[in-house]
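1. this one's structure only:
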Ligand SMILES: [Zn+2]
């Protein structure tokens, strides 16, 4: 199971992008939040929404397609 993170910065649509740890477009920094390890993006986003109910989340377009679970 990969570790999932989301960016602390929201995009222009107000969404926080969720990535797997190894994504080339993910930059681990002070603003990144670790969600935990999950089997799917769906599970990671569900968990993130519970922890941060006021945030909106979106899947990274790169790692949601290129990461094989
Ligand atoms: Zn990504």
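-> Received, thanks. These numbers were taken from a predicted model, which means no experiment stands behind them.

2. next up, the contacts around the residue nearest the centre of the chain.
-> Centroid-nearest residue in the chain: residue 18, 1.7 Å away (criterion: Cα atoms, centre = their mean). Residue 18 makes contact with 4-6, 35, 41, 44-45, 48, 57-60, according to Cβ atoms under 8 Å, 6 or more residues apart in numbering. No exception for glycine: its C-beta is placed from N, CA and C like everyone else's.

3. try it again at 6 Å.
-> Shown in contact with residue 18 (Cβ atoms under 6 Å, 6 or more residues apart in numbering): 4, 6, 44-45, 57, 59.

4. pLDDT (mean, whole number) over stretch 32-39?
-> Regarding stretch 32-39, the rounded mean pLDDT is 95.

5. is that stretch positioned near the ion?
-> No. Stretch 32-39 does not reach the ion (Cβ under 5 Å from the ion); its nearest approach is 11.5 Å.

6. buried stuff in that stretch?
-> 32, 35, 38 (16 or more other Cβ atoms under 10 Å).

7. the second one - that's part of a strand, no?
-> Yes. Inclusion of residue 35 in a strand is indicated when DSSP: H, G, I helix; E, B strand; the rest coil is applied.

8. next one: it from the ion, what distance?
-> 13 Å (Cβ to the ion, to the nearest Å).

9. hmm, that residue is touching residue 43, no?
-> No. Using Cβ atoms under 6 Å as the test, residue 35 is too far from residue 43 to be in contact (9.3 Å).

10. make JSON lines from the contacts of residue 18 and add distance to the ion and secondary structure to it.
-> Listed next are these as JSON lines, based on distance: Cβ to the ion, whole Å; DSSP: H, G, I helix; E, B strand; the rest coil:
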{"residue": "4", "distance to the ion": "10", "secondary structure": "strand"}
{"residue": "6", "distance to the ion": "10", "secondary structure": "strand"}
{"residue": "44", "distance to the ion": "12", "secondary structure": "helix"}
{"residue": "45", "distance to the ion": "13", "secondary structure": "helix"}
{"residue": "57", "distance to the ion": "12", "secondary structure": "strand"}
{"residue": "59", "distance to the ion": "8", "secondary structure": "strand"}
